[in-house]
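sharing a sequence plus its predicted fold:
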Amino acid sequence: MGEGLSLRCGERGARSDASCRVRSSANRRLRGSANRGVRGWSRRVLLLGLLGVLFAGGLLLAQPAGAQGEGAPVASPPEEVTTGASLLKFLFALLPLLVVLAGIILLQQSGATMAVVGWIVSVALAVLYFKTSFGIALAGSWYGFVKSFGISIAVVFTMFMIFLMKEVGALGVISGAVKRTVVGKEVQALNVGIGFGSFLTSLGIVTPAMFPPLLIAMGFAPASAVAIAVLGYNATTSFALLSIPITLPAEIFAIDAIAFTFKICIFLPVIAVGLSFGILWLVGGWTSMRRGAVPALISGISIAACALGLAVINYATGREIIPIRIIGILAGLFSMGALIFWQRAFQGRRLAGELERVRRENPIDAGALWRALSPWIILTILAAVVSFPQINGWLSRLPGNIEVFHIYDKVVDLNVLGQIYTWILISVLLACIFMKPSAEQWRRAIDVWLKRFLSPFVAYAVYFSIAYVMAWSAMETVTAAGGGATLVPSAFFSTWNMNIVVGASLAAFFGGAYSYVAPGLGLFGAVVGGSETGSNVLFMKIQQKACADVGLSDKQFMTIYGAHAATGGVASAITPAKITNAVATIGGGKALEAQTMRKHMVIAILLTVVVGLLTGVFVAMAF
């Protein structure tokens with residue numbers, strides 16, 4: 001390609017030759033810069049990983065003799081350990097998360113870089129301290145990597161959808177339509193983030209990958225666009241992906257999904273209102289919080305009241321009259337409707353002039369709007385159709401065993417036809433019939449996509465790997481009757497599994513006050529695992545045992561488990577994979593990731609503390 005360009009330039013004369021040399025030199029600089037970037041990224045990962053391992057090794061050497069773990073269990077653990085050893089074990093169990101957060105916030109490294117570093121640290125700790133074989137640590141890493149596909153690949157295809165929509169001008173058309181719906185930055189932020197975000201997330205659409213470019217087109221600053229996209233839908237994260245965070249653990253552990261839903265929803269009024277004001281604070285500080293106080297209350301209370309009201313109907317009757325999978329969808333739509341109604345009914349006269357100006361500045365052709373919305377409309381319809389159990393089950397069975405394999409005795413079914421990422425890709429291809437992208441627009445969209453998708457994919461996939469390294473720590477394999485290897489808890493599991501160590505340490509330290517801090521495990525689990533679903537599954541037994549240890553009833557446990565799920569949703573605000581994803585869609589850098597993490601952490605921790613206080617009160621009331 002470069003030689004052909006030089007020949008053509010040479011044929012045009014000296015002036016063209018000079019231009020060609022300039023372009024060739026620029027291309028060489030770009031390639032050199034890219035190569036240096038790859039090498040620099042690799043060096044940072046290696047350096048930070050080594051630092052993390054060395055830090056862990058230093059702590060290992062510093063602990064009292066005889067307290068170190070072995071690579072594989074050989075005997076039962078001692079029943080009693082010193083307070084210092086217990087504290088050290090607790091800190092080691094938290095170390096992968098602490099390393100990740102320190103790298104992003106203090107060193108301003110990307111979420112993808114720190115995911116790899118955190119994985120190296122987690123594997124090193126599991127093998128060197130938490131009595132796990134290297135093979136099991138690698139198997140857990142691979143299992144988590146594959147289990148992430150439902151989210152990580154969905155992110156990849158959602159990013160492509162958004163980049164193509166941007167190239168054909170669809171985002172600009174949608175931006176104009178949204179501006180005409182409600183006026184004022186604060187109301188627009190709440191309408192898109194809380195209402196629309198919850199609606200789409202409940203259908204399985206990845207809003208951190210979808211919203212930032214749209215919000216930039218609406219005139220929001222990059223930091224505000226990321227904040228709205230990442231924070232907004234957190235109020236109803238438990239109802240994401242057609243409520244898989246609720247139904248999956250209910251199915252696995254045979255718990256009452258109706259009661260679980262109700263116990264989550266009792267915390268939503270505080271969470272939804274808190275997130276609404278959090279968005280306003282990040283958009284425009286105290287000024288936006290004062291100016292948008294009323295719409296923030298309306299947005300938060302309406303979405304929480306709708307979800308709680310529907311959950312109460314099911315809980316009071318003991319039957320799933322309102323399908324759990326559509327509660328988040330209905331709540332998101334209700335919140336959007338309430339906000340629009342409030343502005344038209346109570347501010348219509350005062351804002352009539354501004355509404356008219358916005359409509360003049362953003363003329364909308366109905367046909368153009370339908371074409372612009374076609375990917376989302378098609379995806380919404382397909383997601384709703386695929387969500388029906390009969391259809392989803394048929395799609396899951398259609399490929400047979402081609403997409404099924406085993407890691408030890410764990411069955412991994414990729415379920416490609418039942419996953420939302422397949423239908424995201426199909427929606428994009430079908431929507432091209434209406435959007436009619438040119439060859440050049442295809443080329444530009446693919447070019448941007450290829451440059452930006454890898455970092456979010458790595459972040460999501462590797463954080464899942466970390467979660468399963470921790471979940472499988474202190475486990476071993478035994479030979480099954482059929483000759484295959486079966487993964488089972490070792491003799492050390494109850495005292496050396498990394499997740500159990502965190503939960504048991506908190507229960508032992510706080511005792512009767514455990515209910516006040518138990519929701520913190522939801523935050524921890526979702527940040528490490530990358531999703532509320534993973535946190536709900538991986539920590540259910542831990543929460544159950546901790547509650548039993550402090551003498552709580554099954555009803556009180558369900559309250560704590562509901563709080564765990566609710567704060568797992570709040571954790572989306574500081575999940576490195578989601579922040580990396582949102583920043584990547586607008587081409588932001590590590591500084592924006594670090595800034596977002598710092599500010600979002602304040603909101604997430606405050607909400608977790610409030611949920612903890614409410615949990616303690618509810619448990620004390622035996623509610």
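All right, it came through fine.

my guess is residue 273 contacts residue 300, does it?
Yes - with contact defined as C-beta atoms under 8 Å, residue 273 and residue 300 form a contacting pair (3.5 Å). To be clear about C-beta, it is placed using only N, CA and C from the backbone, and glycine gets the same treatment.

neighbour-wise, which of the two wins?
In terms of neighbours (other C-beta atoms under 10 Å), residue 300 is the more surrounded of residue 273 and residue 300; the figures are 25 against 21.

and the helix or strand containing the more buried one, which residues are buried?
Per DSSP states H and E: residue 300 is located in helix 293-317. Within helix 293-317, the residues that count as buried by 16 or more other C-beta atoms under 10 Å are 295-296, 298-308, 310-311, 314-315.

over to stretch 349-364?
351, 355, 358.

which other residues reach that stretch?
Contact partners of stretch 349-364, identified using C-beta atoms under 8 Å, 6 or more residues apart in numbering, comprise 173, 175-177, 179-180, 183, 343.

repeat that for 7 Å
176-177, 179-180, 183, 343 (C-beta atoms under 7 Å, 6 or more residues apart in numbering).

re the thing from before, could the buried residues of stretch 349-364 go into a markdown table alongside distance to residue 547, secondary structure and pLDDT?
Formatted as a markdown table, the buried residues of stretch 349-364 follow (distance: C-beta to C-beta, whole Å; DSSP: H, G, I helix; E, B strand; the rest coil; pLDDT from 0 to 100):
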| residue | distance to residue 547 | secondary structure | pLDDT |
| --- | --- | --- | --- |
| 351 | 51 | coil | 75 |
| 355 | 53 | helix | 71 |
| 358 | 53 | helix | 73 |
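
look at the closest residue to residue 296 other than its chain neighbours and give its secondary structure.
In space, and not counting its chain neighbours, residue 296 is closest to residue 276: 3.9 Å by C-beta to C-beta, 6 or more residues apart in numbering. At residue 276, secondary structure determined by DSSP: H, G, I helix; E, B strand; the rest coil is helix.

by mean pLDDT, flag the weakest helix or strand of the protein.
When each helix and strand of the chain is scored by mean pLDDT, DSSP states H and E, helix 2-12 comes last, with a mean of 38.

now do the strands in the stretch 451-600 of the chain.
475-479, 485-489 (DSSP state E, counting those that start in this stretch).

please disregard the earlier target; I meant the stretch 301-450 of the chain.
Using DSSP E, counting those that start in this stretch, strands in the stretch 301-450 of the chain cover 404-407, 410-413.

elements contacting the last one?
Helices and strands in packing contact with strand 410-413 are listed as helix 134-147, strand 404-407; criterion 3 or more C-beta pairs under 7 Å, 6 or more residues apart in numbering; DSSP states H and E.

okay, the ones you listed, which one's buried deepest?
Stretch with highest mean neighbour count among these: helix 134-147 (a mean of 20; mean count of other C-beta atoms under 10 Å).

how far out from the middle of the chain is it?
20 Å (C-alpha atoms, centre = their mean, to the nearest Å).

mind showing which ranges of the stretch 51-200 of the chain have poor pLDDT?
The model of the stretch 51-200 of the chain has pLDDT under 70 over residues 51-85.

coming back round to it: my read: the residue nearest to residue 296 touches residue 302, true?
No - with contact defined as C-beta atoms under 7 Å, residue 276 does not count as touching residue 302 (10.1 Å).

nearest to residue 574, of the strands of the stretch 451-600 of the chain?
Distance to residue 574, taken as C-beta to C-beta, is lowest for strand 475-479 among the strands of the stretch 451-600 of the chain, at 28.5 Å.

got a list of contacts for that closest one?
73, 132, 136, 408, 485-490, 493.

mind putting those residues in TSV, distance to residue 475 included?
Output for the contacts of strand 475-479, formatted as TSV (distance: C-beta to C-beta, whole Å):
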residue	distance to residue 475
73	9
132	7
136	6
408	9
485	11
486	10
487	6
488	7
489	6
490	6
493	6
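
of those, buried ones?
Looks like these have 73, 132, 136, 408, 485, 487, 490, 493 buried, using 16+ other C-beta under 10 Å.

and those, which is closest to residue 371?
Using C-beta to C-beta, these come closest to residue 371 at residue 408, 49.4 Å.

roughly how far does that closest one sit from residue 514?
33 Å (C-beta to C-beta, to the nearest Å).

tell me what the one helix or strand residue 122 maps to is packed against?
According to DSSP H and E, residue 122 maps onto helix 111-128. For helix 111-128, the packing partners by 3+ C-beta pairs under 7 Å, 6+ apart come out as helix 14-62, helix 83-105, helix 134-147, helix 454-471, helix 576-585.

could you check the angle helix 454-471 makes with it?
20 degrees (axes from the mean of the first three to the mean of the last three C-alpha atoms, to 10 degrees).

just want the angle from helix 111-128 to helix 83-105.
160 degrees.

one step back: just put the strands of the stretch 301-450 of the chain in JSON lines and tack on mean pLDDT and distance to residue 590.
Converted to JSON lines, the strands of the stretch 301-450 of the chain look like this (pLDDT from 0 to 100; distance: least, C-beta to C-beta, whole Å):
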{"stretch": "strand 404-407", "mean pLDDT": "88", "distance to residue 590": "33"}
{"stretch": "strand 410-413", "mean pLDDT": "87", "distance to residue 590": "33"}
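
what's the distance between the closest residue to residue 424 other than its chain neighbours and residue 171?
Counting by C-beta to C-beta, 6+ apart, residue 424 lies nearest to residue 157, which is 4.3 Å off, once chain neighbours are set aside. Look at residue 157 and residue 171: by C-beta to C-beta, they are 17 Å apart.

what about residue 342, how many neighbours?
Neighbours around residue 342, by other C-beta under 10 Å: 18.

now do the same contact list for it.
Residues in contact with residue 342 (C-beta under 7 Å, 6+ apart) are 295, 298.

any idea how far it lies from residue 193?
With C-beta to C-beta as the criterion, residue 342 and residue 193 are 16 Å apart.

do residue 298 as well
For residue 298, the distance to residue 193 - C-beta to C-beta - is 14 Å.

and residue 611, what element?
Assigned by DSSP H and E, residue 611 falls in helix 590-620.

what about that helix, distance to the chain center?
Counting by C-alpha atoms, centre = their mean, helix 590-620 comes out at 15 Å from the chain centroid.

in the protein, where is pLDDT below threshold?
In the chain, residues with pLDDT under 70: 1-85, 529.

which ones are touching residue 242?
202-204, 325, 387.

most neighbours among those residues, please name it.
residue 202 (28 neighbours).

chain neighbours aside, what residue packs nearest to it?
That would be residue 328: by C-beta to C-beta, 6+ apart, it lies 3.1 Å from residue 202.

quick check: that neighbour touching residue 239?
Yes - using C-beta under 7 Å, residue 328 makes contact with residue 239 at a distance of 2.6 Å.

between the two, which contacts overlap?
In contact with both residue 328 and residue 239: residue 202, using C-beta under 7 Å, 6+ apart.

how is the protein carved up into domains?
The chain is divided into the following domains under automatic domain parsing: 96-142+454-623, 181-364.

contacts only, for residue 136.
Residue 136 sits in contact with 472, 475, 477, where contact means C-beta under 7 Å, 6+ apart.

ok, now with 10 Å
Listed by C-beta atoms under 10 Å, 6 or more residues apart in numbering, the contact partners of residue 136 are 72, 126-127, 408, 469, 472-477, 485, 487, 490.

with residue 600 instead?
226-227, 230-231, 234, 278, 282, 570-575, 578-579.

distance of residue 438 relative to residue 511?
Distance, residue 438 to residue 511, by C-beta to C-beta: 67 Å.

repeat that for residue 179.
Taken as C-beta to C-beta, the span from residue 179 to residue 511 is 54 Å.

out of the two, which sits in the more crowded spot?
Taking other C-beta under 10 Å, residue 179 and residue 511 do not tie; residue 179 has more neighbours (20 against 11).

export the strands of the stretch 301-450 of the chain to JSON lines and tack on distance to residue 505?
Formatted as JSON lines, the strands of the stretch 301-450 of the chain follow (distance: least, C-beta to C-beta, whole Å):
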{"stretch": "strand 404-407", "distance to residue 505": "29"}
{"stretch": "strand 410-413", "distance to residue 505": "27"}
